[in-house]
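1. With the sequence up front, the predicted model follows.
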Amino acid sequence: MKQYYSFLRLSIVKGLQYKTAAIAGILTQFCFGFLFIMIFEAFYTHQPTQPISLNQIIQMVWLQQSFLVFIMLWHRDSELYNMITTGNICYELCRPTNLYHHWYARLLGQRLSGAFLRCLPILLAALLMPEPYKLHLPVSLTAMMLFIVTMILALIIIVGLSMLIYISIFYTLSPAGSFLLMAVFGEFFAGLTIPIPLMPLWLQRICNLLPFRYASDLPFRIYNGHIGTEEALISIIIQLFWIIIIIGGGKIWMGRSLKKVIVMGG
Amino acid sequence: MIEVKHLSKSFKVVKKNAGIYAAFKSFFKPNTESIHALKNISFNIEPGEIVGYIGPNGAGKSTTIKVMSGILTPDSGACTINGLTPWTNRIEHVKNIGVVFGQRSQLWWDIPVIDSFDLLKDIYKISEGNYDYAVQLLSDILSIEDLLETPVRQLSLGQRMRCEIAASLLHNPKILFLDEPTIGLDAISKIAVRDFIKQINKSQKTTVILTTHDMHDIEALTDRIILIGKGEVLFDGLLSTIKNKYITHKTITIDHHQDNFILSHEGVELIEQSTTRMVMTVDIRNVAISDVITYLAKNLDVIDITVDDPSLEDIMVQMYKAYNI
């Protein structure tokens, strides 16, 4: 276990080097946050009655922006996919480690380091904003606890989904397609493009059948009180189900790809 | 210790002619071709040996190394290293081996070398004491002490390669696979790497399998070579056997004070002659080299005389030709 912790630690150390990137990221995310809020404001001015209140949407927007590094599906580790396409994976394979665990720890570390740098400043600033742009504290202590639990489980799901992208590169040899598919479909069905409560019912049902929603929409709507305790508890079970499917499936898939891996040249 | 039996591996390669039409055709009906990278490779290596694994580009050297280090799964055949099969017991197996791929890097690009070493320490579960000892020892003999705190991206190739080799040896492996460890290095770094390989082979009894195109590496390090071409083992034996077989001629260069000397001696062929210098080859199967020298000394006013063996490189060219690879 210690070795995987070391990968995690090293990823974090490496991620913390990129201060300028973090500052730029924070600014970008503020811009996007305001942009989204203004769009929704305009929308709500004309159609005030919606299944979710504007205030709740604003909460979600700020949470999405501050936890972006946790929830984005298109987070890229160029070193990792270059390793596959150039054959440097050789070295990864002559280590006494389980490659799935090793890469999982690495990707997790990157997301954690990214969040360390970006999450708190955005959250703090959003908490200090004037109404109606202000981020509130969770609706209740229970909601807070459930938010933390579902957020952690969400992170586990997201990294599992990212792993699938990297494993697919063993077959496609180019990261572009897998990332694009994940970014477009995944983000849409996770409710990052249009909030899920604003979707038509049939689309909501599709979202409920896919794992993406459980990786971002769920914890945020628990935070703003749109999802109650009972539904939250059921959702946690669904999250655990997806974790088993995604990580179990990913491990089997990786095992198979490694059997047929070919490293040419040199 | 290392037993390789009837190892075979083939790859699929897509073939396509140039041009739009061919590209279009290949889009619908890709034309793949099987390349037999390894065909029935067998050999044994004893503990403590240094073996040179040589052959032209594309012969299958790296593929063999990759199979032996558990990276690739062969199509058929068996390989037992310390009682383990590399590709089925990968994790157990790789604890005992160190691998250097001269064309690839294992160090983390952005962070200081020592951080990569620390990571390897945890990966291989090296105890604190053993780790400190290994780092001390390796940085002494590879003289990388001053480089440890530098980020890898700021190292020169030679410096990086020495760090790579050290990184592969931190866990004190019993077997070391070196795939072109001296590629691109300058003379001083090459010699440092060679000395180092000799040293650890002697002191730690590490078994070393080395692929290289640099024949000086082979001459400096190994007695035994395995020659491979087109995926097959063509020769497995002592370097001296090869030399005895292929060194049929020696070259004599002589400087003298005499004009218009006419050379005539059995088994000697004149290659070059100027007023004061002659270069000739001696067929040592027909005539003793000492006879030729005596003859020259008697008939000429000699200033200087040198006798050269053909270089190992020349021998390899001959061998590649003889085996038609």
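-> That came through, no problem.
2. Tell me who's in contact with the residue nearest the centre of chain B.
-> With distances taken as C-alpha atoms, centre = their mean, chain B has B:T212 as the residue nearest its mean C-alpha position (2.3 Å). Counting by C-beta atoms under 8 Å, 6 or more residues apart in numbering or on different chains, B:T212 makes contact with B:52, B:54, B:178, B:180-183, B:218. (Glycine included, C-beta is placed from N, CA and C.)
3. out of those, which touch chain A?
-> Among the contacts of B:T212, the residues that sit close to chain A (C-beta under 8 Å from any C-beta of the partner chain) are B:E180.
4. Now intersect the contacts of B:T212 with the helices, please.
-> For the contacts of B:T212, the ones inside helices are B:I218, with DSSP state H as the criterion.
5. okay, the contacts of B:T212 in a markdown table with distance to B:S42 next?
-> Conversion of the contacts of B:T212 to a markdown table gives the following (distance: C-beta to C-beta, whole Å):
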| residue | distance to B:S42 |
| --- | --- |
| B:G52 | 17 |
| B:I54 | 17 |
| B:L178 | 21 |
| B:E180 | 23 |
| B:P181 | 25 |
| B:T182 | 27 |
| B:I183 | 27 |
| B:I218 | 21 |
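6. got the buried residues for the helix-or-strand element of chain B with minimal mean pLDDT?
-> Across the helices and strands of chain B, mean pLDDT, DSSP states H and E gives its lowest value to helix B:20-28, namely a mean of 76. When burial is assessed from 16 or more other C-beta atoms under 10 Å in any protein chain shown, helix B:20-28 yields no buried residues.
7. again, but for stretch B:260-280
-> Using 16+ other C-beta under 10 Å as the burial criterion, the residues of stretch B:260-280 that qualify are B:263, B:267-268, B:278, B:280.
8. And the furthest pair within those residues?
-> When the buried residues of stretch B:260-280 are compared pair by pair using C-beta to C-beta, the farthest-apart members prove to be B:G267 and B:M278, with a separation of 15.5 Å.
9. Kindly report the residues of the stretch 51-200 of chain B close to chain A.
-> Counting by C-beta under 8 Å from any C-beta, the residues of the stretch 51-200 of chain B lying close to chain A are B:62, B:66, B:69-73, B:90-92, B:94-95, B:97, B:99, B:101-106, B:108-111, B:115, B:118-119, B:122-125, B:179-180.
10. now, which of those residues lie within helices?
-> Residues from those lying in helices, with DSSP H as the criterion: B:62, B:66, B:90-92, B:94, B:115, B:118-119, B:122-123.
11. need these in a markdown table with pLDDT, distance to A:H102 and neighbour count, can you?
-> Formatted as a markdown table, those follow (pLDDT from 0 to 100; distance: C-beta to C-beta, whole Å; neighbours: other C-beta atoms under 10 Å in any protein chain shown):
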| residue | pLDDT | distance to A:H102 | neighbour count |
| --- | --- | --- | --- |
| B:S62 | 86 | 23 | 27 |
| B:K66 | 89 | 19 | 29 |
| B:R90 | 87 | 13 | 22 |
| B:I91 | 87 | 11 | 12 |
| B:E92 | 89 | 16 | 15 |
| B:V94 | 89 | 13 | 24 |
| B:D115 | 88 | 16 | 20 |
| B:D118 | 89 | 16 | 18 |
| B:L119 | 87 | 11 | 20 |
| B:D122 | 88 | 11 | 18 |
| B:I123 | 88 | 8 | 21 |
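12. which one of these is nearest chain A?
-> Closest approach to chain A among those (C-beta to the nearest C-beta): B:D122, at 3.9 Å.
13. Residue 134: neighbouring residues, count only.
-> I'll assume chain A. Summarising burial for A:K134: neighbours were counted as other C-beta atoms under 10 Å in any protein chain shown, giving 14.
14. wrong chain, I was asking about chain B
-> Taking other C-beta under 10 Å as the definition, B:A134 ends up with a neighbour count of 19.
15. Doesn't it lie inside a helix?
-> Yes - counting by DSSP: H, G, I helix; E, B strand; the rest coil, B:A134 is located in a helix.
16. Can you name the residues of chain A sitting close to chain B?
-> When proximity is defined as C-beta under 8 Å from any C-beta, chain A approaches chain B at A:2-3, A:5-7, A:10, A:13-14, A:17, A:79, A:86-91, A:93-98, A:259-266.
17. now A:C31: how far from chain B?
-> 28 Å (C-beta to the nearest C-beta, to the nearest Å).
18. that older thread, let's see which of the buried residues of stretch B:260-280 end up in strands.
-> With strands defined by DSSP state E, the entries of the buried residues of stretch B:260-280 inside them are B:268, B:278, B:280.
19. Could you check how far the first one is from B:T294?
-> Noted for B:V268: a distance of 12 Å to B:T294, by C-beta to C-beta, to the nearest Å.
20. just B:K15 next, same as before
-> Distance from B:K15 to B:T294, by C-beta to C-beta: 61 Å.
21. Do I have it right that B:I197 meets B:L169?
-> No - if you go by C-beta atoms under 8 Å, B:I197 and B:L169 don't touch, sitting 10.2 Å apart.
22. can you give me the helices for the stretch 201-325 of chain B?
-> Per DSSP state H, counting those that start in this stretch, the stretch 201-325 of chain B has helices spanning B:215-221, B:239-246, B:289-299, B:312-322. These are given in chain order.
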